[in-house]
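**Q** Predicted coordinates and the sequence they were generated for:
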Amino acid sequence: MSLPYFKQFGWEAEVVTVDPAYSEMVKDDLLMQSVPPDIPIHYVKAFSKSWTSKFGLGSLALRSMIFYRAKVSRILERTHYDLIYFSTTQFPLCILGAYWKKRFGVPYVIDMQDPWHSEYYKSKPKHERPKKYWFSYRLNKNLEPIAMKSAGGLISVSDDYITDLKTRYPEIKNIPAATITFGAFEPDMQIAKDNAAKFEPLLDKRSVSLVYIGRGGADMYKAVAKLFRSLKQGLEKEPEKFKKFRVYFIGTSYAPAGQAKQTIMPVAEEFGVNNMVTEITDRISYFHTLATLQQADALFIPGSDDPRYTASKIYPYLLTEKPLLAIFHPESPAIEVLNEFGLEHVYNFENSAETDEQIFDFLTQLVEGTLVSPKLNIEAEKKYSAENMTRRQCELFEQVVL
C-alpha cells in the first residue's frame, strides 16, 4: 500500500521477500497489480517446511533467515542504501537489522504491526494459549531485545506498543517513533470488484449476511458475546424475521488448513444461536477477503479484551461503504478512529442494557432492509489514506537518517 507513494515523498524502494514457492500461506497473485512495475523485487529461498517440521520448526521467519542474511548482505555490498525497513509480522527476521547495521552502518526501522514479545497469554489457561506457546514465548523474549536495542526508529499500529518497547528497552527511548496504521487503499477495492468471479462464493445469497473476516480467539469473547446476546433476543422476539439471518466469521485461525480449532462456534452454542452462525477457520487471500466484504449485506468488527488492540486493518471495511457494526474494548483507539469517520454503530462491550438495545436495533434494521449505508467523513478519509500514511512513514525515515 505504501509502494506506489514512496517516490513522491523522496524515497526509492526495493523489496526483499521470500519466494512464494517456499511459503504455505494463501497465494494471491492479484497483489502484484497495485505494485509499481519499476520497483525491484529480490526473492530469497527458505528451507522446506516438510523438512523443518520434523524438528518442530514451521516458522517462515526461521526457515528463511539464513537466506535473507546472505541475500541482503550481497545487495548491501554492491549498492549504498540509506535505510532498511522491516514491515512484516515475521518478527524474528528483525534481528538481522542489528547485524546489517553493525556490518554496513545502515540504520533500520521496525514496523510493529502486532506485538512481538508479549506477556498477554502468560496468565491465561493453557487451552487459550496459541499453539507452541512455550517455544514461541521464549524465542520472542530472547530475540526481541537483539532487534530493538539497535533500532533507529519504530512504527506501530498502537501507541501502547511503542510505549511498552521504550519502557522495556531504555536504549531506544529517544529514537523517532510514530503510530501509523495500515492506510485506506482504494485501488485494491476496484481490483477485488473486477476479479470477484475468480473466487469461491462463501455467502448464502438467500440469507441476510453480517460478515467478519479476520482472526478469532478467546480474547474476542466479550465482543462476540455481545453480538450473540442481541441475536438471541431477535430470534426470541421475531423468529420469522431473524431465521433468515446469517453471521459469518471467516479466516479465524492462523493454523494450516484443516488443522484449526474453532473459537467462535463455542460462543454461538453458548447463546443458542449456532444455527445462525458460520465459522470458517481457514484463511482466505486478501482479494478474496475484499470481494467477500463487498458481497455482504453488512459488516462486523469485534475487538479484543486487550485495550491495545486496534484492528488496524479496518479501512477495507470502511471503503466498502456497507453498514458496519463495531464492538471494542472501551479503551481501544479504534473507537476514536471509527468515530472520526462518522460511523454510527460503534460500541464498547461493557455490559449495558442501552447498548444491547442499540445493537438489537441495528440487527433488526438490517434484517428488515432499512439500514442505511454510512457516509464517511471526507477529512477522515484523507487523513487515513494510504498516501497520507506513506507520507508519515517517510517523515519518520528522514528523522532516522539525519
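**A** Done, it's in. Residues are numbered from 1 along each chain as shown.
**Q** Tell me which residues touch the residue lying closest to residue 300 once chain neighbours are set aside, please.
**A** Closest residue in space to residue 300, ignoring its immediate chain neighbours: residue 212 at 4.4 Å, by C-beta to C-beta, 6 or more residues apart in numbering. (Each C-beta comes from the backbone N, C-alpha and C, glycine too.) Contacts for residue 212 were tallied using C-beta atoms under 8 Å, 6 or more residues apart in numbering; they are 247-250, 299-302.
**Q** Within the sheet, what are the partner strands of the helix or strand hosting residue 212, with directions?
**A** Residue 212 is part of strand 208-213 when elements are defined by DSSP states H and E. Here strand 208-213 is paired, per DSSP bridges, with strand 245-250 (parallel), strand 298-302 (parallel).
**Q** picking up where we left off before, tell me the confidence at the residue nearest to residue 300?
**A** pLDDT, residue 212: 97.
**Q** on that earlier part again, of the strands paired with strand 208-213, give the one that comes closest to residue 327.
**A** For residue 327, the closest of the strands paired with strand 208-213 is strand 298-302, at 5.6 Å, according to C-beta to C-beta.
**Q** following that closest one, which helix or strand comes up?
**A** Assigned by DSSP H and E, the successor of strand 298-302 is helix 315-319.
**Q** Output the contacting helices and strands for that following helix.
**A** helix 186-194, helix 286-295 (3 or more C-beta pairs under 8 Å, 6 or more residues apart in numbering; DSSP states H and E).
**Q** so which of those helices comes closest to residue 21?
**A** helix 286-295 (18.7 Å).
**Q** Can you tell me which helices and strands that closest one packs against?
**A** helix 186-194, strand 208-213, helix 315-319.
**Q** what angle do the longest one and helix 286-295 make?
**A** By that I understand helix 186-194. For helix 186-194 against helix 286-295, the angle by axes from the mean of the first three to the mean of the last three C-alpha atoms, to 10 degrees is 80 degrees.
**Q** Likewise for the second one?
**A** For strand 208-213 and helix 286-295, the angle between their directions (the same axes, to 10 degrees) works out to 150 degrees.
**Q** chain center to whatever helix or strand comes next after the strand holding residue 212, what's the gap?
**A** Using DSSP H and E, the next helix or strand after strand 208-213 towards the C-terminus is helix 221-237. Centre-to-centre, helix 221-237 and its host chain are 25 Å apart (C-alpha atoms, centre = their mean, to the nearest Å).
**Q** So which residue is smack in the middle of this structure?
**A** Geometric centre of the chain, nearest residue: residue 313, 5.0 Å, by C-alpha atoms, centre = their mean.
**Q** where along the stretch 301-402 of the chain do the helices fall?
**A** 315-319, 333-340, 353-368, 378-383, 386-401 (DSSP state H, counting those that start in this stretch).
**Q** With only the CA atoms kept, save the fourth one in CSV.
**A** Put plainly, it is helix 378-383. Written as CSV, here are the backbone C-alpha positions of helix 378-383 (Å, rounded to 0.1, in the frame of the first residue of the first chain):
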residue,chain,number,x,y,z
ILE,A,378,-14.1,13.1,3.8
GLU,A,379,-11.4,14.6,6.0
ALA,A,380,-11.0,11.3,7.9
GLU,A,381,-10.7,9.5,4.5
LYS,A,382,-7.8,11.8,3.6
LYS,A,383,-6.2,11.5,7.0
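**Q** What residues sit buried inside that helix?
**A** Using 16 or more other C-beta atoms under 10 Å as the test for burial, helix 378-383 gives 380-381.
**Q** now for that helix, which elements pack on it?
**A** Right, helix 378-383 is packed against helix 333-340 by 3+ C-beta pairs under 8 Å, 6+ apart.
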